[in-house]
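Colleague: Any chance you could fold what I've pasted below:
(3 chains)
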Amino acid sequence: MSELASYNFAYLDEQTKRMIRRAILKGIAIPGYQVPFASREMPMPYGWGTGGVQVTASIIGPDDVLKVIDQGADDTTNAVSIRAFIKKVANVAVTTKTAEATIIQTRHRIPEAELQAGQTIVFQVPIPEPLRFLEPRETETRKMHALEEYGLMHVKLYEDIARHGRIATTYAYPVRVEGRYVMDPSPTPKFDNPKMHMSAALQLFGAGREKRIYAVPPYTKVVSLDFEDHPFEVQTFDKPCALCSAEQVYLDEVVLDDRGGRMFVCSDTDHCETRRAEGHRGEMAGEAA
Amino acid sequence: MATPLVVSDVAKSFTMHLRDGIRLPVVAGVSFELHAGECVVLGGPSGAGKSSILKMLYGNYSVDAGRILVEHDGETVDLATASPRTVLAVRRDTIGYVSQFLRTVPRVSALDVVAEPLVSRGEQREAARDRARRLLDRLNLPERLWSLPPTTFSGGEQQRVNIARGFITDHPVLLLDEPTASLDAANRAVVIGMIAEKKKNGVALLGIFHDADVRDEVADRVIDVTRFSAGRVAA
Amino acid sequence: MMIIDEPLLRASSVTKLYGSRVGCEDVSFELWPGEVLAVVGESGSGKTTLLNCLSTRLPPTAGSVSYRMRDGNFRDLYEMSEAERRFLMRTDWGFVHQNPADGLRMTVSAGANVGERLMAIGDRHYGKIRSTAIDWLTRVEIAQDRIDDQPRAFSGGMRQRLQIARNLVTGPRLVFMDEPTGGLDVSVQARLLDLLRGLVSDLGLAAIVVTHDLAVARLLSQRMMVMKDGRVIETGLTDRVLDDPREPYTQLLVSSILQV
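Modeller: Numbering: from 1, shown residues only, chains lettered A, B, ... in the order given. Okay, the predicted model is just below:
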């Protein structure tokens, strides 16, 4: 308890939390629009989730239950560190179960379990501007968003098809929010894009280094960009999860030995554990222990 | 229209600003009429202003004073004061011009040069080219030259392209500036025949011919341009 | 007859001042559909300033520029919102820069360069966009197999032709050209000019061509304005102005052309 006394609740001072909440409200009012905010110095460097942490810290309350995942896993270093950090400065309950969380902070994945009304998912975003790699000038991209000039975005997709025969973007796949703003969904695999469409949960995005916050309110249309004759498709996998035999979930490749042995397992660790607890078994379930 | 062109008291001088503003009067008090179906020849020595008169009638030279009234599209237009757009319309539909020298455009074939006046009036390109072929054939321009740009043609060959281009439409007024200067006897005869046909079709022609034989063949009237010499009028 | 149709562009007393320096002053004219107007002058004459004021790239200090939209209504260009102006620039207008790199995306393929405006106005069929691009590349005499190459790999003449295709793909009614043949080799110029002539005539384009080269003016335009020190000092039919120049400066310009 003496450690808590040296920090304000959730680390940020109240004025900062108000400033960030104002930015969040603005983002919710204009779905997909990048709201600039005065990003604070956090006790982790840029590129380690400072944006996501600031958003979480601004909305979290004493009764919230927090889940933190990194590439779908609760037990990777970053997820563990961030979860520990927030527990230390806010003393909130934490969980690995998606269904029990009120706030889910994530790096690069959306959980397989469908999110419910009342849940909030906070994305960590490196580069918020979807047009950045085509148009390096911030002055130009702001105008393009303001004037809804998105031809350039399709130029990128066109180039993909011309070069590779299909749209080659597999993550951070640009989407159009509520028919207006083009948004970068953060580097989640395009597999997760459909989950963003008409979700019951509130989706918030924080980019600490780039100092932008954006949001997708519940039940908002989120459509992946494509061509009529090259429609958007999600990745498919040949086999189900090796541990829990889940199908139509995103799988990670795990190298088992140096003879080429590998297995494909659920990237969402909570999903996999839950299914195994229910009795589902995959072909490698015996070995994984 | 019986009198498609009436020239009334036209005057022109050149002011050479690069030579301290010397003023060179060319013509003054130019007045005459052109009637449908006749060929009028402008006569007089070199430098008397014949070419300048033709060019004023085409809008190529500006006019200092006077009026040039032409019947265009059912109305009377004064070319001396008409807007550029009007002059272009008059050239497209009413007054044709066979110039002395062919100004060539890179890459455009002789056939298309000749067909152009019809195409610019909205005619189908192939139909226009057919007419162009017939004219060039009549003028004895070798067929192998038809698809080539006239840039490398001889003087006589270029002249024939010019003539075909001027004669291909059915403009009621036709201005001819030395149309036979570089032609041999056979082709001169062809041109004489073409002029006669135009006259029969009611076209009013105004031309400059240095060649006395041709002039005698085609002219219904000769207007001596020295009458309009600016110096003479002043005196 | 005369002309029953209305002008496409109307400039009234267009003036651009930089403090006390005159960019252009009191320029008025009308441009009709399908008409090519050359604006001729030497460096510092104000012709490029005028072009920029007319094409909404540079707001004038005084005067107005009105354009007849596709619905027939005249709109004052500087009373439109920027969104409307930019939309006009992408659909109904073209702007051919002297340096093609200024009018192209150099790091994107030729096909994408031509197709971008189509995508910008909402075309979403890859196959159709690509076939339109191929069609246009052929019209500007670029080999079809270059469609996926970037303009960085093109010669100056090819880049310029690509820029033209990029501008014409949306069927604009008015094209602004700033020294379209500047900096190109003579033989390349001839080819480009002929291409422009043909396209302008086939597509019924209106164009305003800024050039210091009188031969380009003679070849491309029906009407001409001569500018000096920001003012229009002579205007009229191109062949009339070149064959019978009246103003001292025009006479100087015309007499200065070297004969080959």
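Colleague: If you average the pLDDT over stretch B:46-61, what comes out?
Modeller: For stretch B:46-61, mean pLDDT is 92.
Colleague: show me what contacts residue B:157?
Modeller: Taking CB atoms under 8 Å, 6 or more residues apart in numbering or on different chains as the contact definition, residue B:157 lies against B:141, B:145, B:150. Every residue, glycine included, has its C-beta placed from N, CA and C.
Colleague: Report the secondary structure state of it.
Modeller: helix (DSSP: H, G, I helix; E, B strand; the rest coil).
Colleague: Once you drop chain neighbours, what's closest to residue 216?
Modeller: As the question left the chain open, I've gone with chain A. Across the structure, with CB to CB, 6 or more residues apart in numbering or on different chains as the measure, the residue nearest residue A:216 apart from its sequence neighbours is residue A:203 (4.1 Å).
Colleague: I was after chain C.
Modeller: In space, residue C:216 comes closest to residue C:181 once its chain neighbours are excluded; the distance is 6.0 Å by CB to CB, 6+ apart.
Colleague: hang on, the one you found packs against residue C:217?
Modeller: No. Between residue C:181 and residue C:217 there is no contact, the gap being 11.2 Å when judged by CB atoms under 8 Å.
Colleague: Which neighbours do these two have in common?
Modeller: With contacts defined as CB under 8 Å, 6+ apart, the residues shared by residue C:181 and residue C:217 are residue C:211.
Colleague: do you know how far the residue nearest to residue A:216 is from residue B:48?
Modeller: Plainly put, residue A:203 is 90 Å away from residue B:48 if you go by CB to CB, to the nearest Å.
Colleague: between those two, who's got more neighbours?
Modeller: Comparing residue A:203 with residue B:48 by other CB atoms under 10 Å in any protein chain shown, the one with more neighbours is residue A:203, at 27 against 19.
Colleague: centre of the chain versus the helix or strand containing the more buried one, how much separation?
Modeller: Residue A:203 belongs to strand A:202-207 when assigned by DSSP states H and E. The gap between where strand A:202-207 is centred and where its chain is centred comes out at 8 Å by CA atoms, centre = their mean, to the nearest Å.
Colleague: For it, name the packing helices and strands.
Modeller: Under the contact criterion of 3 or more CB pairs under 8 Å, 6 or more residues apart in numbering or on different chains; DSSP states H and E, the helices and strands touching strand A:202-207 comprise helix A:14-29, helix A:50-59, strand A:120-124, strand A:212-216.
Colleague: strands paired with it, and their directions?
Modeller: For strand A:202-207, the paired strands and their directions (DSSP bridges) are strand A:120-124 (parallel), strand A:212-216 (antiparallel).
Colleague: so where do the helices sit in the chain?
Modeller: With no chain named, the answer covers chain A. Taking DSSP state H, the helices of chain A run over residues A:2-5, A:14-29, A:50-59, A:77-90, A:138-146, A:151-164, A:193-196, A:269-277, A:285-288.
Colleague: Can you look at chain C instead?
Modeller: In chain C, the segments counted as helices under DSSP H are C:47-54, C:82-91, C:110-120, C:126-139, C:156-168, C:186-203, C:214-220, C:238-243, C:248-255.
Colleague: burial measure for residue A:110, as a count.
Modeller: 29.
Colleague: Grab the nearest non-local neighbour of it.
Modeller: Closest to residue A:110 by CB to CB, 6+ apart is residue A:192, at 4.2 Å.
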